[in-house]
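Student: model this:
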Amino acid sequence: MTSYITTWFDHICVVPPGNYDEKSFTAAINILVNALHPSITASIDASNVMSITTDYYYESFRIYTDNEVMNKINIVKNGYIDQANTSDPQSINENLCNTKAVSHIYSGKYPGNTTGDDTFTVNRLVLHPINNIYLTSSNLGSYDTISAFSDNCIKKLPITTDYGFMIVDQLVSVGDYLNCGNTTLSTLQFHLRDGRGRIINLYGNYITFSIVFDIK
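Tutor: Numbering: from 1, shown residues only. Model prediction:
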């Protein structure tokens, strides 16, 4: 996961891989932002509200959104200009709920100023790497189903277990059916995708499911 943060210059801050809770994730962010400038800190309160703030009135920061990164913002990496990966920014914006089209600039308050906007606030961190997975098929559904990324999603599977455990989806509804009339069923294709439409690598694990065909 990567956070694209700008102070006077644009920087890439890489969060080490790991299984985080709210406190440990905030601590990891704090190490990264504090290394950019000692005035920038990340903290979390008793209600699990995370804040990134600066207490120095000459310092300002922003966290680029995916939209900005994917529009080819140049980032400083190891002292050199690095062109951000525009197809897959691998950012933590989803974790931070930083999903607006344009990022906001947060600046330290001048002495005596109590109205300055110096704090980026996350009311609830999103730490599930995948919230839902989608079973898609280019053969079934007659392209009359919708999702955020595709019109051939045939099943949405909520993530109900922690990392490394088996997901079992047993929801059955008599009214939940897809029209596959006038469809050639000799060869079927299925893909598992995440919420952004990316194919999920199962790393050798398996998936089983059943499809029932009926005449309406």
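Student: Where is the longest helix in the protein?
Tutor: Criterion DSSP state H: the longest helix present in the chain is helix 22-36.
Student: residue ranges for the helices of the chain, please.
Tutor: 22-36, 66-69, 93-96.
Student: so how far is the second one from its chain's centroid?
Tutor: Read it as helix 66-69. 12 Å (Cα atoms, centre = their mean, to the nearest Å).
Student: Confidence-wise, which of the helices of the chain is weakest overall?
Tutor: Ranked by mean pLDDT, the helices of the chain end with helix 66-69 in last place, scoring a mean of 80.
Student: Give the buried residues for it.
Tutor: 66, 68, 69 (16 or more other Cβ atoms under 10 Å). Every residue, glycine included, has its C-beta placed from N, CA and C.
Student: for this structure, what are the low-confidence residue spans?
Tutor: 1-9, 72-88, 110-116, 129-130, 141-151, 162-164, 171-176, 184 (pLDDT under 70).
Student: What segments of it are strands?
Tutor: With DSSP state E as the criterion, the chain has strands at 2-6, 10-14, 40-44, 50-54, 60-63, 74-77, 80-83, 106-107, 119-122, 132-136, 153-158, 191-193.
Student: buried residues in the second one?
Tutor: This means strand 10-14. 10, 11, 12, 13.
Student: Using CSV, write down the CA coordinates of the longest helix of the chain.
Tutor: The C-alpha trace of helix 22-36 is given here as CSV (Å, rounded to 0.1, in the frame of the first residue of the first chain):
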residue,chain,number,x,y,z
GLU,A,22,-6.5,0.9,13.9
LYS,A,23,-3.7,1.7,16.4
SER,A,24,-0.9,-0.1,14.6
PHE,A,25,-1.9,1.3,11.2
THR,A,26,-1.9,4.8,12.7
ALA,A,27,1.5,4.3,14.2
ALA,A,28,2.9,3.2,10.9
ILE,A,29,1.5,6.3,9.2
ASN,A,30,2.9,8.5,11.9
ILE,A,31,6.4,7.2,11.3
LEU,A,32,6.1,8.0,7.6
VAL,A,33,4.6,11.5,7.8
ASN,A,34,6.8,12.5,10.7
ALA,A,35,9.9,11.6,8.6
LEU,A,36,8.7,14.1,6.0
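Student: List of residues touching that helix?
Tutor: Residues outside helix 22-36 that contact it (Cβ atoms under 8 Å, 6 or more residues apart in numbering): 3, 5, 7, 11, 13-16, 18, 20, 40-44, 48, 50, 52, 61, 95, 125, 127.
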